[in-house]
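S.K.: What would the 3D arrangement of this be:
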Amino acid sequence: MTPRLAIKRYQGEHQPHAHAFAQLVLPIQGGMELELAGRTGTRLHTGLAALVAPECGHAQQSEPGSRFLVIDCAADWLPAQTLDRALHQAGLEIPPATRQLIAFAELTSPDALDQHASELTRLLLASLNAATAASAFDRLLAQMEAQPAGDWSNAAMARLAGLGLTRLHLLFHERFAQTPQAWLTDLRLRQAQRWLADSHLPIADIALRVGFSDQAALTRAMTRRQGISPAAWRRGQRLPR
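M.R.: Sure thing, here's the model as predicted:
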């Protein structure tokens with residue numbers, strides 16, 4: 001199925017129905033109340049879009065004067081992560097890049113929208129997916145910082161963030177110029193240094209609390225990356241009595 005783009009106005013309330021194709025609804029002006037698969041309705045507005053998965057029952061009630069950019073496309077046009085989110089949450093945040101593309105579509109004639117539907121659909125979905133990936137990546141980082149001792153294999157990180165391994169590595173490289181495991185090691189060392197400075201816990205206990213297998217593993221990592229052992233670093237933090 002070739003994507004179809006159109007600027008639409010919905011009048012009043014529409015009873016529950018479903019489509020064989022996916023539908024992306026991007027508000028241009030105003031908003032609508034959208035109920036997906038019987039879940040509590042979500043109000044769409046110019047900062048929140050909706051992706052209706054194929055065969056997903058939905059009903060809507062549009063506000064007077066509202067306008068929407070609506071894309072109908074086959075499910076295989078959708079990034080797997082975006083489709084998965086559509087099945088579990090009603091709204092998709094509209095980032096600035098997507099908003100610019102919506103404004104472009106609004107100024108484009110219907111014939112031109114038809115002619116360039118595939119290209120514009122690809123750009124719109126990519127802009128939404130990039131924002132979704134970044135948001136998921138930030139949630140992953142927050143969870144790792146809260147639980148540095150977790151079993152953070154690359155596969156576990158990718159699974160939690162809903163990303164492929166290649167994308168995971170790319171995001172770490174773009175944000176930190178590091179591999180995921182190098183960043184994790186530095187995270188654990190930072191947490192270890194906080195414990196070393198602010199507590200009297202034995203170094204062996206600190207090593208386990210931040211995710212190292214034992215004191216020797218912490219010592220090796222800290223000496224290799226920072227040129228100082230945990231014991232020496234702790235002594236350097238103590239104020240003279």
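S.K.: distance of residue 160 from residue 189?
M.R.: 22 Å (CB to CB, to the nearest Å). In short, each C-beta sits where N, CA and C put it, glycine included.
S.K.: Only the buried residues of stretch 92-107, if you could.
M.R.: 92, 94, 95, 98, 99, 101, 102, 105 (16 or more other CB atoms under 10 Å).
S.K.: who's in contact with the last one?
M.R.: Neighbour list for residue 105: 5, 7, 69, 113, 120 [criterion: CB atoms under 8 Å, 6 or more residues apart in numbering].
S.K.: Pick out whichever of those residues sits closest to residue 164.
M.R.: residue 120 (24.9 Å; CB to CB).
S.K.: Make sure that closest one is actually in contact with residue 24.
M.R.: No - in this structure, residue 120 is not within contact of residue 24 by CB atoms under 8 Å, at 11.3 Å.
S.K.: So between those two, which is more surrounded?
M.R.: Taking neighbours as other CB atoms under 10 Å, residue 120 and residue 24 compare with residue 24 leading, 25 against 21.
S.K.: my guess is the more buried one is in a strand, correct?
M.R.: Yes - Residue 24 forms part of a strand when assessed by DSSP: H, G, I helix; E, B strand; the rest coil.
S.K.: Just say helix, strand or coil for the nearest residue to it once chain neighbours are set aside.
M.R.: Excluding the flanking residues, the one nearest residue 24 by CB to CB, 6 or more residues apart in numbering is residue 71, at 4.2 Å. Under three-state DSSP, the three-state class of residue 71 is strand.
S.K.: Next, count neighbours for residue 71.
M.R.: 25.
S.K.: do you know how far it is from residue 197?
M.R.: 54 Å.
S.K.: Report the contact partners of residue 159.
M.R.: By CB under 8 Å, 6+ apart, residue 159 has no neighbours at all.
S.K.: Counting neighbours, which bits of the helix or strand harbouring it end up buried?
M.R.: Here residue 159 sits within helix 154-161, counting by DSSP states H and E. Using 16+ other CB under 10 Å as the test for burial, helix 154-161 gives 157, 158, 160, 161.
S.K.: OK, contacts around residue 192?
M.R.: Counted by CB under 8 Å, 6+ apart, residue 192 has contacts 206, 207, 210, 212, 218, 222, 230.
S.K.: What mean pLDDT does the strand or helix carrying it get?
M.R.: Element membership for residue 192 (DSSP H and E) is helix 180-198. For helix 180-198, mean pLDDT is 94.
S.K.: Hey, what's the angle from it to helix 154-161? Just curious.
M.R.: 90 degrees (axes from the mean of the first three to the mean of the last three CA atoms, to 10 degrees).
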